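> what follows is a predicted protein model with its sequence.
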Amino acid sequence: MESTMQAIRIQATGGRDVLRLETIATPEPGPGQARVKIEYAGLNFIDIYQRLGQYKLPLPFTPGLEAGGVVDAIGPDVTEVKGGDRVAYCMINGAYAQYAVVPAAKLVPVPADIGLDVATALMVQGMTAHYLAFSTFSLASQHTALIHAAAGGTGRLLVQVAKRTGARVIATAGTAEKAALARSAGADEVIIYTQADFVSEVKRLTGGAGVDVVYDSVGQSTFAGGLDCLKPRGMMVLWGQASGPVAPFDPQILNQKGSLYLTRPSLGAYIATRAELLARAGDLFGWVQAGELDVRIDRVFALADAAAAHAYIEDRQTKGKVLLQA
């Protein structure tokens, strides 16, 4: 008799009511694949874009692109993991479920002394912070960085990782409470952007020089101002669009503002090889083990409460990672 599992399914894109808990067949791993019994699935803004249909996926689908759990079956030709291994993964859809089939090469072994909740929380947000600070723009002690939304899940990790390099970090946050979170992560200066113009504050804090790099996950409402914060030959790293997409603009503006660089990175290109995936995750796990990286789990919702979890994220109340417990 075919075994079944519970999963959140989206039959048609739209509001939160399209997230339905359904009973479906438990997937079987094929060649090079492993089946993971999921303990936690991580929520990310991309899940909401996919649910709304802004990022299109074939229907129906199970959302969620990061999880942590235990390998419970492997297909042929799998050498990377074995049954019983604690693992985490990201950038593969289908995590809002009790089981998922994943390419074994995409699974990261989780050390015994790190909880699967923390490991899951580090997959997308932690590795994003890692590649932004070490690879997209390689921060060092002589640099000053502006980090928008520094109290958010990725933002707070990015502040911590950036400070490891010795760089000076200027952060933005929307409220005094969120500013305190950014400061607790190590930000040298915090601008509450609802109370002060961040461009003039950055100019003041840098003696008019500007910053070497802007890490912008907000997009539409901060992009133009961010360009005005950069030194000549500085880099705008546009890695998200929480306030909406940036309008098309003339590349000549980059010339006029001082031969600026602009990049629009995403995680997949920075963990394309297993070696790079394991190196980034290994750094993060090592810092957690050493007590040098604070990972905030904000809320854990039951799998059946995925709609409530989406509401919590959409209301921008999060102060850390939001997880579903399968």
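Arrived safely.
> residue 220: neighbour count?
Residue 220 is flanked by 13 other residues according to other Cβ atoms under 10 Å. Just so you know, the C-beta spots here come from the backbone N, C-alpha and C atoms, and that holds for glycine as well.
> with residue 159 instead?
27.
> can you confirm it is in a strand?
No. Using DSSP: H, G, I helix; E, B strand; the rest coil, the assignment for residue 159 is helix, not a strand.
> how near is it to residue 186?
6 Å (Cβ to Cβ, to the nearest Å).
> okay, helices next: where are they in this structure?
45-52, 116-131, 153-164, 176-184, 198-205, 223-227, 252-256, 274-289, 306-314 (DSSP state H).
> looking at those helices, which is nearest to residue 82?
Of all the helices of the chain, helix 274-289 sits nearest to residue 82, with 16.2 Å by Cβ to Cβ.
> can you name the residues in contact with the closest one?
Contacts with helix 274-289, where a contact means Cβ atoms under 8 Å, 6 or more residues apart in numbering, come from 80, 88, 105-106, 108, 110-111, 113-114, 118-119, 122-123, 126-127, 130-131, 164, 270-271, 293, 295.
> alpha carbons of it, as PDB, please.
Provided in PDB are the C-alpha atoms of helix 274-289 (Å, rounded to 0.1, in the frame of the first residue of the first chain):
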ATOM      1  CA  ARG A 274      29.100  21.100  -3.500                       C
ATOM      2  CA  ALA A 275      32.500  22.400  -2.300                       C
ATOM      3  CA  GLU A 276      31.200  25.900  -2.100                       C
ATOM      4  CA  LEU A 277      28.000  24.900  -0.400                       C
ATOM      5  CA  LEU A 278      29.800  22.900   2.300                       C
ATOM      6  CA  ALA A 279      32.400  25.600   2.800                       C
ATOM      7  CA  ARG A 280      29.800  28.300   3.500                       C
ATOM      8  CA  ALA A 281      27.700  26.100   5.700                       C
ATOM      9  CA  GLY A 282      30.800  24.800   7.500                       C
ATOM     10  CA  ASP A 283      31.900  28.400   8.400                       C
ATOM     11  CA  LEU A 284      28.400  29.200   9.700                       C
ATOM     12  CA  PHE A 285      28.100  26.000  11.800                       C
ATOM     13  CA  GLY A 286      31.600  26.600  13.100                       C
ATOM     14  CA  TRP A 287      30.800  30.100  14.300                       C
ATOM     15  CA  VAL A 288      27.600  28.900  16.000                       C
ATOM     16  CA  GLN A 289      29.600  26.100  17.800                       C
END
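> got the buried residues for that helix?
Buried positions in helix 274-289, judged by neighbour count with 16 or more other Cβ atoms under 10 Å: 277, 278, 280, 281, 283, 284, 285, 287, 288.
> and the angle from it to helix 116-131?
For helix 274-289 against helix 116-131, the angle by axes from the mean of the first three to the mean of the last three Cα atoms, to 10 degrees is 120 degrees.
> so helix 274-289 versus helix 153-164, what angle?
Computed by the same axes, to 10 degrees, the angle separating helix 274-289 from helix 153-164 equals 80 degrees.
> change the start of the numbering to 48 and stick with it
Taking 48 as the first residue, the last one we looked at is helix 321-336.
> quote the end-to-end distance of stretch 130-147.
Using Cα to Cα, to the nearest Å, the end-to-end distance of stretch 130-147 comes to 14 Å.
> where does the stretch 98-247 of the chain dip in pLDDT?
Within the stretch 98-247 of the chain, no stretch falls below the threshold (pLDDT under 70).
> show me what contacts residue 73?
Residues in contact with residue 73, defined by Cβ under 8 Å, 6+ apart, are 49, 50, 51, 52, 82, 145, 146.
> that one and residue 81: what is the separation?
For residue 73 relative to residue 81 (Cβ to Cβ), the value is 14 Å.
> residue 347 now?
From residue 347 to residue 81 the distance is 24 Å (Cβ to Cβ).
> which of these two has more neighbours?
Taking other Cβ under 10 Å, residue 347 and residue 81 do not tie; residue 81 has more neighbours (26 against 14).
> residue 92 and residue 290 touch, don't they?
No. Residue 92 is beyond contact range of residue 290, at 11.3 Å (criterion: Cβ atoms under 8 Å).
> re the thing from before, give me the common contacts of residue 206 and residue 233.
In contact with both residue 206 and residue 233: residue 216, using Cβ under 8 Å, 6+ apart.
> list the contacts for the spatially most central residue of the chain?
Taking Cα atoms, centre = their mean, the centroid of the chain lies closest to residue 172, which sits 2.9 Å from it. Counting by Cβ under 8 Å, 6+ apart, residue 172 touches 89, 91, 200, 201, 204, 368.
> what sits closest to it if chain neighbours are left out?
residue 201 (4.2 Å; Cβ to Cβ, 6 or more residues apart in numbering).
> and the one you found, how close does it get to residue 231?
16 Å.
> neighbour count winner among these two?
Between residue 201 and residue 231, counting by other Cβ under 10 Å, residue 201 is the more crowded of the two (24 against 14).
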